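Novice: Sequence first, then the predicted structure:
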Amino acid sequence: MTANGWLQFLLFIVVLVVLMQPLGLYMARVFEGERTFLDRLLKPIERLIFRLSGVKADTEMNWREYTAAMLLFSFVSLLLTYVIERVQHILPWNPQGLAGVEPALAWNTAASFTTNTNWQSYVPETTMSYFTQMVGLAYHNFLSAAVGIAVAIALVRGIARRQAQTIGNFWVDATRSILYVLVPICLIFTPILIEQGVIQNLKPYTQARTVENQAQTIAQGPVASQEAIKMLGTNGGGFFNTNSAHPFENPTPLTNFLEILAIFLIPAALTVTLGQMAKSPGHGWAVFACMSFLFLVALVSIYWAESHPHPLVQGVDQHASALQSGGNLEGKEVRFGIANTALFAAATTDASCGAVNGMHDSFTPLGGMVVLANIMLGEIVFGGVGSGLYGMLIYVVLAVFIAGLMVGRTPEYLGKKIEAFDVKMAMLYVLIFPLLILTFTAISILCPAGLSGITNPGPHGLSQILYAFTSAAGNNGSAFGGINANTNWFNITLGFTMLSGRFLMMIPMLALAGNLALKKSVPPSPGTFPVNTGLFTVLLTCVILIVGALTFFPALSLGPILEHLLLNHGTLF
């Protein structure tokens, strides 16, 4: 742990806070239909899109209609991507002549990119053509992110509105998410990446010879355009197998910093949007404070764990100095070192992005446990674009409910009484997540098909399977990469887990949004628990840790915690 590392963390936080405020206020204006500085350019395009697609922008939907539109759109998108993968061998922009993707893998990948997970059970540069990468996958990077933002905005409207039957129009919200938010930022971000050395071309792969005179194939492709939305939309799927550790995806310290910043930018800004639309800026900052605290705890824990020397490596200097990062460098890019790898790992697992610049499977047991636990919290510490905010707001409802129980009053949240239906929907949302993870993990460690994928026996093998299903249910997409997930068992079950972790959790959340919108506003009273104070932030943090983290403590005890104890007694796996 070095002063340089701490300064980089501080710089990241400062830049994030500076940028999130104007972006959050801008998004509030976009989704409330107010005038923005881009209207003169984008309004005609928006009207043309609505006219061609038959969308009536001034007609809103109730929560059932909103949910049906979102599910239908996602299903059609999934089907389209599946077909593109299967027939990519007859489609253009395939200079390598790659074959069509086999059915189970195509299903898994289509489900993965539809749900903003971007789990990859394949080597991208030898499996997906340029056409599939751009039209099938990068297309989803925009659309799945837009769906997440739209659904989060629908919940915020449900909180903000009084005695309303509707929560917005899904088609309008998704279109504006892409047109006004994602595309403009990507148009700025992509040229910066290209200038820094991220490649962008449609060339056939380059054939070269190494210094040992061995043949080498160097993959090419339209990387920069996909890298921008991959990070900004918290998608995470890499153009190359080594993801953001590859120099063609992440060549310089500046690109590394900007890619980490892009992961958090929209999720953090949405807390400002929440405060603005709900007419309670202090509440937005209280939610941001909770997210920031949990992120910093994870970041410091990973940095501490990875900075410690490996207990079984003897006779080698593993301490930090001016010439080396020290600590555990296995699976890490030397050009990034431990500090930047820890920052990237904390951000990508807190934000359900899943992009990596180091291999989580090579982290120390405690470092690996932290990135796993980040996802197990429910991907609410900033979380995915949109999904992080609405997941956090579910815990806000639970925190308000618990506060009401403690003072013996009907709980209130921003003038809305939290009643039985609201708590039922919130708890349904919370319970689906661990049910998916623990059920499929248990089945996988009891059947030969599941055990055949692990590469390490003992507790680390359990961690590999547990991480896979946690990542899938949390729509994260990162992995303990030692697992062989490209089998029929994992492709099918992980695909189902990703879809369930996305849409089965969205439905009760949208039902909650619709019910909140119907409620009338009640004036605050002496017994009302304020949701814009430090005390509320503390309560919210405690609820998240108790409800979210402790659910998985037995599984973590059998995996990374046991592995750590055995490692210190000289046992490796």
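Specialist: Thanks, I have the structure now. Because the structure is predicted, anything quoted here is derived from the model rather than measured. Numbers count the residues shown, from 1 in each chain.

Novice: quick check, residue 352 in a strand?
Specialist: No - according to DSSP: H, G, I helix; E, B strand; the rest coil, residue 352 belongs to no strand; its state is coil.

Novice: For residue 401, give me its contacts.
Specialist: Taking Cβ atoms under 8 Å, 6 or more residues apart in numbering as the contact definition, residue 401 lies against 411, 418, 422, 423, 426. To be clear about C-beta, it is placed using only N, CA and C from the backbone, and glycine gets the same treatment.

Novice: Please report the distance of it from residue 427.
Specialist: 10 Å (Cβ to Cβ, to the nearest Å).

Novice: ok, now residue 183?
Specialist: For residue 183, the distance to residue 427 equals 37 Å [Cβ to Cβ].

Novice: which ones are touching residue 492?
Specialist: For residue 492, the contact set (Cβ under 8 Å, 6+ apart) comprises 104, 107, 108.

Novice: from those residues, which single one is nearest residue 188?
Specialist: Nearest to residue 188 among the contacts of residue 492 is residue 108, at 32.8 Å by Cβ to Cβ.

Novice: Pretty sure that closest one sits in a helix.
Specialist: Yes - under the criterion used here (three-state DSSP), residue 108 sits inside a helix.

Novice: The closest residue in space to it that isn't next to it in sequence: which element?
Specialist: Taking Cβ to Cβ, 6 or more residues apart in numbering as the measure, residue 108 lies nearest to residue 491, with 3.9 Å between them; neighbours along the chain are not counted. Element membership of residue 491, judged by DSSP states H and E, is helix 488-499.

Novice: and that helix, which residues are buried?
Specialist: Within helix 488-499, the residues that qualify as buried by neighbour count (16 or more other Cβ atoms under 10 Å) are 489, 490, 491, 492, 493, 494, 495, 496, 497, 498, 499.

Novice: just the residues you listed now: which is nearest residue 547?
Specialist: Using Cβ to Cβ, residue 497 is the member of the buried residues of helix 488-499 that sits closest to residue 547, with 20.5 Å.

Novice: Could you look up the SS state of residue 207?
Specialist: Taking three-state DSSP as the rule, one finds residue 207 in the strand state.

Novice: For it, give its distance to residue 1.
Specialist: 44 Å.

Novice: between the two, which one's more packed in?
Specialist: Counting neighbours by other Cβ atoms under 10 Å for residue 207 and for residue 1 shows that residue 1 has the greater number, 18 against 9.

Novice: Next one, pLDDT for that one please.
Specialist: As summarised for this prediction, residue 1 has a pLDDT of 76.

Novice: for residue 294, same thing?
Specialist: Each residue has a pLDDT score; the one for residue 294 is 95.

Novice: What is the burial count for the nearest residue to residue 450 once chain neighbours are set aside?
Specialist: Closest residue to residue 450 in three dimensions, ignoring its sequence neighbours and counting by Cβ to Cβ, 6+ apart: residue 444, at 2.9 Å. Other residues lying near residue 444 total 24 when counted by other Cβ under 10 Å.

Novice: and residue 444, how far is that from residue 551?
Specialist: When distances are taken as Cβ to Cβ, residue 444 and residue 551 turn out to be 18 Å apart.

Novice: do the same with residue 36
Specialist: If you measure residue 36 against residue 551 using Cβ to Cβ, the figure is 42 Å.

Novice: which of the two has more neighbours?
Specialist: When residue 36 and residue 551 are compared for neighbours, residue 551 comes out ahead with 19 against 16, by other Cβ under 10 Å.

Novice: What strand or helix carries the nearest residue to that one once chain neighbours are set aside?
Specialist: Leaving out its chain neighbours, the residue that sits closest to residue 551 by Cβ to Cβ, 6+ apart is residue 434, at 4.8 Å. Of the helices and strands defined by DSSP H and E, residue 434 is found in helix 420-446.

Novice: Keeping just the C-alphas, turn whichever helix or strand comes after that helix into CSV.
Specialist: Stepping forward along the backbone from helix 420-446, the first helix or strand reached (DSSP H and E) is helix 448-451. Coordinates of the C-alpha atoms in helix 448-451 are reproduced here as CSV (Å, rounded to 0.1, in the frame of the first residue of the first chain):
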residue,chain,number,x,y,z
PRO,A,448,-20.9,-34.3,-12.2
ALA,A,449,-21.8,-31.8,-14.9
GLY,A,450,-21.2,-28.9,-12.5
LEU,A,451,-18.1,-30.3,-10.9
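
Novice: neighbouring contacts of helix 448-451?
Specialist: When contacts are defined by Cβ under 8 Å, 6+ apart, helix 448-451 is touched by residues 443, 444, 445, 461, 465, 487, 488, 489, 490.

Novice: Buried residues in it, which are they?
Specialist: Using 16+ other Cβ under 10 Å as the burial criterion, the residues of helix 448-451 that qualify are residue 450.

Novice: can you count the residues close to residue 407?
Specialist: Residues near residue 407, counting by other Cβ under 10 Å, number 11.

Novice: Name the nearest residue to it, sequence neighbours excluded.
Specialist: In this structure, residue 407 finds its nearest non-sequential neighbour in residue 527, 5.8 Å apart by Cβ to Cβ, 6+ apart.

Novice: Verify the contact between that neighbour and residue 411 for me.
Specialist: No - contact criterion Cβ atoms under 8 Å: residue 527 and residue 411 do not qualify, at 9.8 Å.

Novice: So which of these two has more stuff around it?
Specialist: More neighbours surround residue 411 than the other of residue 527 and residue 411, with 24 against 12 (other Cβ under 10 Å).

Novice: Might you report the residue contacts of that one?
Specialist: With contacts taken as Cβ under 8 Å, 6+ apart, residue 411 has the following neighbours: 400, 401, 402, 403, 404, 405, 417, 418, 529.

Novice: Tell me which helix or strand residue 83 sits in.
Specialist: Following DSSP H and E, one finds residue 83 within helix 63-86.

Novice: can you pull the buried residues of that helix?
Specialist: 63, 65-67, 69-70, 73-74, 77-78, 80-82, 84-86.

Novice: Let me know the closest of those residues to residue 515.
Specialist: Distance ranking of the buried residues of helix 63-86 against residue 515, using Cβ to Cβ, places residue 63 first at 7.8 Å.

Novice: On the pLDDT front, check the closest one for me.
Specialist: What the model reports as pLDDT for residue 63 is 95.

Novice: is it true that it touches residue 507?
Specialist: No - Residue 63 is beyond contact range of residue 507, at 9.3 Å (criterion: Cβ under 8 Å).

Novice: Just give me the longest helix of this protein.
Specialist: In the chain, with assignment by DSSP state H, the single longest helix is helix 3-31.
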